[in-house]
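Asks: give me a 3D structure for the following:
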Amino acid sequence: MANVVAQPHFIFGLRTGVKNNLCFCDEQTVVFPAGNNCVCYNTIRSSQRLVPGSEKSQAMCALAISANRRYLAVAERAEKATVAVLDLHHQPGKTKRRVLSAGDLPAQEFICLAFSPDSKYLIGQTGAPEWTLIFWFWEKHKILATVKTGTSNNPVKQVSFNPFNHTQLCVSGAGVFKLFRYAEGCLKQSSFAKVDSIHLLSHAWIAPERVVAGTDTGRLLVFENGDLRRELLMSADRSERAADRRFPIQPSLSVSKTGFHRQVEMKRIKGSDLSQNPTGLRVASVVSFSRGFACSLGSGRICLFVKNENDSFTRSRDIWIPADPYSNDPGPSDNQDIESMCVSPAEETLAVSTDRGQLYSISLSAVAVDQEKAAYLDLLAQSFHSKAITGLSVCIRKPIVATSSLDCCVRIWNYETKTVDLCKEFQEEAFSVALHPTGLFILVGFLDKLRLMNLLISDIRIFKEFTVRGCREVSRGRAEADSWLKDPADAGHMLLHSLCITARDAAGLPLWLVCFQQWGPHVCSCQWERHPHLLFPSFENILNLKGHSGKVRSVAWSPDDGGLVSCGMDGAVYEWNTQSGKRASECVLKTCSYTGVVFSSDCKTILAVGTDATLKEIQDCQVLREVSADEGTYTSVAVSHSGRVVFAGNANGSVTAIKYPLPMQKEWITHQAHCGPVTKVHPVL
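Replies: Okay, here's the model as predicted:
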């Protein structure tokens, strides 16, 4: 298997739903999860170092970076939850990994992690049903103490160490605010704050004895030695008065005045209906630094608080997520909820991640200097898709990849510069894409129509539409376009090269199969009613490909563009003669619903995958050989340009590289690429 080497090179995207999913390794490098990998991204060089997750991992749940920025803790969901502690100072590909477990506890996931300030200890909060906090001396793989912290009715949201004292811990959540102290081999609760009706979402230490916590109703609560001392109702108004933004936190107050204010604040908090959120704001994330702290406020806004000389804090600036330059409506960016925030080691940069899978940053020093202008975040790398990717196409002549997504965007990625060349947001979801070999045109399938577009310098512009509804699959051949471009008569009309499109209506049934083929001035199409069609360059329909009785899930051209193969949920794999529109061969297996199909490089065999979890090699209407998946079910398949490797995507997020011709014994390598099903696999030149 020495000749079958497939290693991850670069990842576009961010995995949301992971607690603390953005951390600084150093002043220029951030760490975030993407798929089943942790990405160490250098913001100056735009380079990535990828740290893969465990092979048996179902998903990443939480991250934590040590105070010395050397160790990264990754919580992974599995039948028995684990925490992997990675040494980021090791050479790429040789990252040292220590794996911690919950011992005898039946934990399936850790929802939050935190390192001690001396980086020697680690705490992890398990989820339902146990809700147990585990205290590790992680270098020795030793559990020092455990304690139950929450219930299903009072789930824990965050745990942390006191940065000034590694023996003191804080736990917060829905109706939960507890301080623990580690002593004599156990965790002892040292505070009993009455917060039964308060839903705490986040917290941060701002002094050795003080914690500021955010709620789901837009409040900031200040606890001192575990007791609730102050409360601030955050306003949604941009132009708040300075007096309304100031709340003092005194180290010592007079007995009478302190007692009065404590009673009033506690009474107001208890008496209010905290299930109501009249402002629609949530303080989902809080992060502290030496000059103050920052907290999110509702959607798209961060409030920056600075420390004063008298140990009080003033709300100095509001920082906003900017409007999306690719969107026709600026609203979606403003409506992004901030999931995580972190400050660089030198406290020069604030970085944030959002629930729509975007990364932003801002210079804190620049914000402090320029107080007049409105402060806006900048993209940390480039914008990513925020929902599932539905279509994928790789250009033959240019280093670009096109993707479509349920977020209504079509993006053109450059895999050499690792940037987004183009992005276009449409009014509806895009289901499929296919790039012309020249990289100048793209075909996109939507719910109502199929659209042919020009790829311009700064825009994707429609110039031809086809009445093909719900186009779910687009495939183009792999042969070069020079053959038809040499003919001036064809060059003026054949704008597409070897494209095949399947479309399904709202019920998911096969509706159209449209093929733009290279070897002549015609385009073919297959309709639901199964009447043959063939299209001339004027896109007039003259041929249908008849046969499938269920959903057509995948189509592929042969490497020489002389043949076409399709597969469907009806268990049929059909090879078509594109000149006559008749079936050249067929293989029907009712016990398998096929999801992916491709020709071998010599055009003699067909490779197909489906719900029976096997990769089948089909020739002359017979299944010659089968390769079973180790786990999960194969969802898609592709053949390398050399023809010596077959790549099979899996429903569990893995990609298997199999030597071709298919081996009699197990000779393949599996890479855990994603945490969800692989929808498309495509070779890159």
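
Asks: tell me where the stretch 151-300 of the chain has strands.
Replies: For the stretch 151-300 of the chain, applying DSSP state E, counting those that start in this stretch gives strands covering 156-162, 165-173, 176-183, 186-189, 200-207, 210-215, 219-224, 227-233, 246-247, 286-289, 292-296.

Asks: for residue 400, which of those is the nearest?
Replies: Closest approach to residue 400 among the strands of the stretch 151-300 of the chain (CB to CB): strand 292-296, 35.2 Å. All C-beta spots, glycine's among them, are computed from the backbone N, C-alpha and C.

Asks: distance from the chain centre to the closest one, please.
Replies: On the basis of CA atoms, centre = their mean, to the nearest Å, strand 292-296 sits 25 Å off its chain's mean C-alpha point.

Asks: which residues touch it?
Replies: For strand 292-296, the surrounding residues in contact (CB atoms under 8 Å, 6 or more residues apart in numbering) are 202, 204, 206, 212, 214, 220, 282-287, 302-307, 313, 316, 319, 337-338, 341, 343, 350, 352.

Asks: try it again at 7 Å.
Replies: Where contact means CB atoms under 7 Å, 6 or more residues apart in numbering, the residues beyond strand 292-296 that reach it are 204, 206, 212, 214, 220, 283-287, 302-307, 313, 338, 341, 350.

Asks: what lines up beside it in the sheet?
Replies: According to DSSP bridges, strand 292-296 has the following sheet partners: strand 286-289 (antiparallel), strand 301-307 (antiparallel).

Asks: with mean neighbour count and distance to residue 563 added, can I get those strands in TSV?
Replies: Listed next are the strands paired with strand 292-296 as TSV, based on neighbours: other CB atoms under 10 Å; distance: least, CB to CB, whole Å:
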stretch	mean neighbour count	distance to residue 563
strand 286-289	20	58
strand 301-307	21	56
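
Asks: what sits against residue 209?
Replies: Here residue 209 is in contact with 224-225 (CB under 7 Å, 6+ apart).

Asks: same thing with residue 418?
Replies: By CB under 7 Å, 6+ apart, residue 418 lies in contact with 10, 46.

Asks: gap between it and residue 382?
Replies: Between residue 418 and residue 382 the computed distance is 8 Å (CB to CB, to the nearest Å).

Asks: chain neighbours aside, what residue packs nearest to residue 682?
Replies: Counting by CB to CB, 6 or more residues apart in numbering, residue 394 is the residue found nearest to residue 682 once chain neighbours are left out, at 4.9 Å.

Asks: same question for residue 83.
Replies: Leaving out its chain neighbours, the residue that sits closest to residue 83 by CB to CB, 6+ apart is residue 100, at 4.4 Å.

Asks: can you pull out the helices in the stretch 51-200 of the chain?
Replies: In order along the chain, the stretch 51-200 of the chain carries no helices (DSSP state H, counting those that start in this stretch).

Asks: my bad, should have said the stretch 451-600 of the chain
Replies: When assigned using DSSP H, counting those that start in this stretch, the helices of the stretch 451-600 of the chain occupy the ranges 482-485, 488-491.

Asks: just flag whichever of the strands paired with strand 292-296 has the lowest average confidence.
Replies: If the strands paired with strand 292-296 are sorted by mean pLDDT, strand 301-307 sits at the bottom with a mean of 92.

Asks: kindly format the C-alpha coordinates of that one as CSV.
Replies: As requested, the backbone C-alpha atoms of strand 301-307 are provided in CSV (Å, rounded to 0.1, in the frame of the first residue of the first chain):
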residue,chain,number,x,y,z
ARG,A,301,-22.4,42.2,19.0
ILE,A,302,-19.6,42.1,21.6
CYS,A,303,-19.4,44.5,24.5
LEU,A,304,-15.9,45.5,25.7
PHE,A,305,-15.5,46.4,29.4
VAL,A,306,-12.3,48.0,30.7
LYS,A,307,-11.0,48.1,34.3
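
Asks: could you check the angle it makes with strand 210-215?
Replies: Direction vectors for strand 301-307 and strand 210-215, defined by axes from the mean of the first three to the mean of the last three CA atoms, to 10 degrees, enclose an angle of 160 degrees.

Asks: next, the angle strand 219-224 makes with strand 301-307.
Replies: Relative orientation of strand 301-307 and strand 219-224, computed by the same axes, to 10 degrees: 30 degrees.

Asks: contacts for strand 301-307, please.
Replies: Counting by CB under 7 Å, 6+ apart, residues outside strand 301-307 touching it are 234, 291-297, 313-320, 338, 352, 367.

Asks: for residue 574, list the residues it contacts.
Replies: Contact partners of residue 574, counting by CB under 7 Å, 6+ apart, are 547, 565-566, 583, 586.

Asks: could you identify the most distant pair in the residues you listed?
Replies: Every pair in the contacts of residue 574 was compared (CB to CB); the two farthest apart turn out to be 547 and 565, at 11.6 Å.

Asks: those two: who's more crowded?
Replies: Counting neighbours by other CB atoms under 10 Å for residue 547 and for residue 565 shows that residue 565 has the greater number, 24 against 20.

Asks: picking up where we left off before, which of the contacts of strand 301-307 count as buried?
Replies: Buried residues within the contacts of strand 301-307, defined by neighbour count using 16 or more other CB atoms under 10 Å: 234, 292-297, 313, 315-320, 338, 352, 367.

Asks: pull out the buried positions in stretch 362-370.
Replies: With burial defined by 16+ other CB under 10 Å, the residues of stretch 362-370 counted as buried are 362, 364, 367.

Asks: I misspoke; the intended subject was stretch 23-39.
Replies: When burial is assessed from 16+ other CB under 10 Å, stretch 23-39 yields the following buried residues: 23-25, 29-39.

Asks: now compare those residues and name the two farthest from each other.
Replies: Greatest spatial distance in these: 24 and 36, 22.0 Å, computed using CB to CB.

Asks: all strands for the stretch 1-150 of the chain, in order.
Replies: All strands of the stretch 1-150 of the chain, identified by DSSP E, counting those that start in this stretch, fall at 23-24, 29-34, 37-42, 47-52, 59-65, 71-77, 82-87, 96-101, 110-115, 121-126, 132-137, 142-148.

Asks: again with the stretch 451-600 of the chain
Replies: Under DSSP E, counting those that start in this stretch, the stretch 451-600 of the chain gives strands at 460-466, 471-476, 499-504, 510-516, 523-527, 532-535, 552-557, 564-568, 572-576, 583-588, 594-599.

Asks: what number of residues lie near the nearest residue to residue 55 once chain neighbours are set aside?
Replies: In this structure, residue 55 finds its nearest non-sequential neighbour in residue 672, 5.3 Å apart by CB to CB, 6+ apart. Neighbour count of residue 672, defined by other CB under 10 Å: 20.

Asks: okay then, goodbye and thanks.
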